[in-house]
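Asker: Here is a sequence with its predicted model. Questions after.
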Amino acid sequence: TAFVWSVRRELWENRSIWMAPVVLAGLVLLGFAASSHVLLDRWRGFAALGEAGLRAVAFKPFGLAASAILLTGWIVGVFYAADALHGERRDRSILFWKSMPVSDLVTVLAKAAIPLVVLPLVSVALALATQAIMLLVGGVVLAANGFPASTLWALLPWVQATLVMVYGMAVHALWFAPIFAWLLLVSAWARRAPLLWAFLPFFAALAVEAIAFGTRHVAALLRFRLTGAMANAFEADAMREAIVEIGQLDPVRFLSTPGLWVGLAFAAACLMAAAWLRRHREPL
């Protein structure tokens, strides 16, 4: 279909979509291998504390690795969305693509699918592959120092942790939809520096509110949009505790949060406006 081919076109033209997370995954593996002796020393120190202590030591590098890769995916998505529609106007490739039998709305939706669907899937796949290699390396290191090689696999709830990771990426994709839709809208509108124009209104609003009224409502709204998914999609304190079990998820509360649906409505309006602008804005 036209939508699928439009998504494939974005992947062909923007290799950073998958290259940046892959490079970071490689660096994470190098760092894990280089610090294996430090982790082993900690493992010996916490062994006296029993299973709880070992689990805390074992989970930390795997959790940090996954978090770094997933965060990189979102950052790549921000830069991609800010340039997605502006770039084709800047290099005038829009003239060629407008000659194709693909509507402006389909094109915009395909571009929105990159940060909201493709990048999360790529990031999760890379995070799982990285954790699998780390598990193998960790097992070899433990076996070489007198510990059972299967200790890491038996100690942590890997299946549940994987489901939690997929769930987390899904809820963040829904929660961040208005952010990426806004970036696409600004990308379709701005003549230059779309990333600057995307963030400048919010910085200006923060400054005006603080100077004129001495309040921080805008800051609270921005913080809610950035961290609200963690606060509403999980039962535990997701900003402080490790989330590795199904029982810590709260999809009912997340789906009943008004901020989710208001954000999705805003995202839909931004995407429709971006499609209209793409149809009427001239090449740069």
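Answerer: Arrived safely, thanks for sending.

Asker: C-alpha from now on. contacts and neighbour counts both.
Answerer: OK.

Asker: Tell me the residue in this structure that is farthest from the middle.
Answerer: Farthest-out residue of the chain from its mean C-alpha position, per CA atoms, centre = their mean: residue 146, at 38.3 Å.

Asker: Helix, strand, or coil at it?
Answerer: Following DSSP: H, G, I helix; E, B strand; the rest coil, we place residue 146 in the coil state.

Asker: where does it fall, phi/psi-wise?
Answerer: phi 90, psi 0 (degrees, to the nearest 10).

Asker: do you know how far it is from residue 139?
Answerer: Applying CA to CA, to the nearest Å, the value for residue 146 to residue 139 is 11 Å.

Asker: With residue 197 instead?
Answerer: According to CA to CA, residue 197 stands 49 Å off from residue 139.

Asker: go on, residue 186?
Answerer: Distance from residue 186 to residue 139, by CA to CA: 48 Å.

Asker: who has more neighbours, these two?
Answerer: Counted by other CA atoms under 10 Å, residue 186 and residue 139 do not tie: residue 186 has more neighbours, with 27 against 19.

Asker: List the buried residues in the helix or strand hosting that one.
Answerer: Taking DSSP states H and E as the criterion, residue 186 maps to helix 177-189. Applying a neighbour-count criterion of 16 or more other CA atoms under 10 Å, the buried positions in helix 177-189 are 177-189.

Asker: likewise stretch 99-109?
Answerer: Buried residues in stretch 99-109, counted by 16+ other CA under 10 Å: 103-109.

Asker: go on, stretch 271-280?
Answerer: Neighbour-count burial for stretch 271-280 flags 271-278 (criterion: 16+ other CA under 10 Å).

Asker: what does stretch 205-224 give?
Answerer: Of the residues in stretch 205-224, 206-207, 209, 218-219 count as buried by neighbour count, 16+ other CA under 10 Å.

Asker: Need phi/psi at residue 92.
Answerer: Here is the backbone geometry of residue 92 (degrees, to the nearest 10): phi 60, psi 10.

Asker: Now do the phi/psi pair for residue 257.
Answerer: Taking degrees, to the nearest 10, you get phi -80, psi 120 for the backbone angles of residue 257.

Asker: Let me know the secondary structure of the most centrally placed residue in the chain.
Answerer: Central residue of the chain (CA atoms, centre = their mean): residue 74, 3.3 Å from the mean position. Classification of residue 74 by three-state DSSP places it in helix.

Asker: OK, contacts around it?
Answerer: Applying CA atoms under 8 Å, 6 or more residues apart in numbering, we find residue 74 in contact with 115, 119-120.

Asker: Got a PyMOL select line for the buried ones in these?
Answerer: Per 16+ other CA under 10 Å, the buried members of the contacts of residue 74 correspond to this PyMOL selection:
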select buried, resi 115+119+120
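
Asker: Among the contacts of residue 74, which are located in helices?
Answerer: Among the contacts of residue 74, the ones falling in helices (DSSP state H) are 119-120.

Asker: Tell me the one among the contacts of residue 74 nearest to residue 267.
Answerer: residue 115 (13.1 Å; CA to CA).

Asker: I'd assumed residue 179 was in contact with that closest one.
Answerer: No. Using CA atoms under 8 Å, residue 115 makes no contact with residue 179, being 10.3 Å away.

Asker: what about stretch 94-102, start to end distance?
Answerer: Stretch 94-102 has an end-to-end distance of 12 Å (CA to CA).

Asker: scratch that, stretch 211-224
Answerer: 22 Å.

Asker: quick one: residue 235 and residue 170, what's the gap?
Answerer: 16 Å.

Asker: likewise residue 195?
Answerer: According to CA to CA, residue 195 stands 25 Å off from residue 170.

Asker: Contacts for stretch 93-104, please.
Answerer: 2, 88, 275-276, 278-279, 283.

Asker: Save those residues as CSV, and put in secondary structure and pLDDT too.
Answerer: Formatted as CSV, the contacts of stretch 93-104 follow (DSSP: H, G, I helix; E, B strand; the rest coil; pLDDT from 0 to 100):
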residue, secondary structure, pLDDT
2, helix, 85
88, helix, 88
275, helix, 94
276, helix, 95
278, helix, 91
279, helix, 88
283, coil, 80
